[in-house]
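1. Sequence below, structure please.
(one chain, ligands or ions: 2)
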Amino acid sequence: MPDTLSPEVAPDTAETNRSLRLGIAGPVGVGKSSLIATICRALADELQIGVITNDIYTDEDARFLRSAGVLDPERIRAVETGACPHTAIRDDVTANLFAVEELERDFAPLDLVLVESGGDNLTATFSPALIDAQLFVLDVAGGGDVARKGGPGIGRADLLIVNKTDLAPYVGVDVEQMVADATAAREGGPVLALARDDEKAIAELRSWLLELLATHRAGQHVPQDPGPMAPHFHADENGGYIHSHEGEHAH
Ligand SMILES: Nc1nc2c(ncn2[C@@H]2O[C@H](COP(=O)(O)OP(=O)(O)OP(=O)(O)O)[C@@H](O)[C@H]2O)c(=O)[nH]1
Ligand SMILES: [Mg+2]
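-> Ligands and ions are numbered 1, 2, ... in the order given. This next block holds a predicted model:
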């Protein structure tokens, strides 16, 4: 596995028994729920896992995951946000925090709680008040250019997934190029190309998660806030450039 998939580590913090809370965000339909099913399939034998889904007006994602049979259905709970998804994962995380804590209490001790955001736009990220680490998911069907456009999730999530690579030949996307563009937008941060039947990529994701869990338990993982702004791409007549608002006040 490449070195760039190592989670960030900061020394001298306390060990913890609390579950690792992992957020999964990304645009509508990129495969967030399917990815959660994949993670559960890959790790449910060795880890105690719980799932919180966020839908705007339904509990459809929770129902999908329960019917996938990857986890005890009781361990999958839905939060109906009733508003723009980022409101509940970033602005006021109360409903999600209650749901996570209740799940942790009911099934103690849990190792991993996966929180799926409702599908949103490229600006949506989780608050570090809710989760310890976050995945941002894109899919090839959304177009190879999306990775290059940047945004906080693409730029600074702990891991970026380029999903549904099996569809690349049908939508004319060069996966290697998309991963290279994403890696540049992330200034070298980890990017994983994945499809739900790609055993090798799933094994890499599994190793990344176990390594992250180990650093979390050792008290050495520091949650990062991707924030609302991140380096992003501006097109111009010379082919465009990556632009950063570093040092400016956040909106
Ligand atoms: N070809 C292909 N299809 C996939 C893959 N993963 C998911 N899908 C399909 O993509 C569609 C959307 O998947 P979901 O997992 O519901 O996506 P989501 O991001 O959770 O969607 P929302 O929660 O509605 O935003 C479904 O039809 C899945 O079967 C994959 O690796 N390859
Ligand atoms: Mg979903």
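
2. Number of residues surrounding V162?
-> V162: 27 surrounding residues under other Cβ atoms under 10 Å. Just so you know, the C-beta spots here come from the backbone N, C-alpha and C atoms, and that holds for glycine as well.

3. Pairing partners for the residue in the stretch 151-251 of the chain positioned nearest to ligand 2 in the sheet, please.
-> Proximity to ligand 2, evaluated over the stretch 151-251 of the chain using Cβ to the ion, is greatest for N163 at 11.9 Å. N163 has the following beta-bridge partners by DSSP bridges: D139.

4. Contacts only, for it.
-> Counting by Cβ atoms under 8 Å, 6 or more residues apart in numbering, N163 touches V30, G31, L35, V137, L138, D139, V140, L194, A195.

5. Farthest-apart pair in these, please.
-> Pairwise distances across these (Cβ to Cβ) peak at 14.1 Å, for the pair L35 and V140.

6. Show me which of those two is the more surrounded one.
-> Higher neighbour count among L35 and V140: V140, with 26 against 22, using other Cβ under 10 Å.

7. just the strands in this protein please.
-> With DSSP state E, the ranges of strands along the chain come out as 20-25, 49-55, 76-80, 112-116, 133-139, 159-163, 191-193, 232-234, 241-243.

8. Return the distance of the second one from the chain's centre.
-> To tie it back to what came earlier, the one meant is strand 49-55. Put simply, strand 49-55 sits 13 Å off its chain's centre (Cα atoms, centre = their mean, to the nearest Å).

9. which parts of the protein sit against ligand 2?
-> Contact residues, the chain versus ligand 2 (Cβ under 5 Å from the ion): K32, S33, D61.

10. most surrounded residue in these?
-> Highest count within the residues of the chain next to ligand 2 by other Cβ under 10 Å belongs to K32, 27 neighbours.

11. Next up, the contacts around V179.
-> By Cβ under 8 Å, 6+ apart, the neighbours of V179 are A147, V162, V191, A193.

12. Apply 7 Å and report the result again.
-> By Cβ atoms under 7 Å, 6 or more residues apart in numbering, V179 lies in contact with V162, V191, A193.

13. okay, how far is it across stretch 66-77, tip to tip?
-> Using Cα to Cα, to the nearest Å, the end-to-end distance of stretch 66-77 comes out at 9 Å.

14. Could you find the closest non-adjacent residue to A157?
-> F136 (3.6 Å; Cβ to Cβ, 6 or more residues apart in numbering).

15. contacting residues for that neighbour?
-> F136 makes contact with A25, G26, G153, I154, A157, L160, according to Cβ under 7 Å, 6+ apart.

16. Please convert the buried members of these into ChimeraX selection syntax.
-> The ChimeraX command for the buried members of the contacts of F136 (criterion: 16 or more other Cβ atoms under 10 Å) is given here:
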select :25,26,153,154,157,160
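
17. of all of the stretch 51-200 of the chain, which residue lies closest to ligand 2?
-> Per Cβ to the ion, the residue of the stretch 51-200 of the chain with the smallest distance to ligand 2 is D61, at 4.0 Å.

18. thinking that residue is in contact with L114, fair?
-> No: at 11.2 Å, D61 does not count as touching L114 under the criterion of Cβ atoms under 7 Å.
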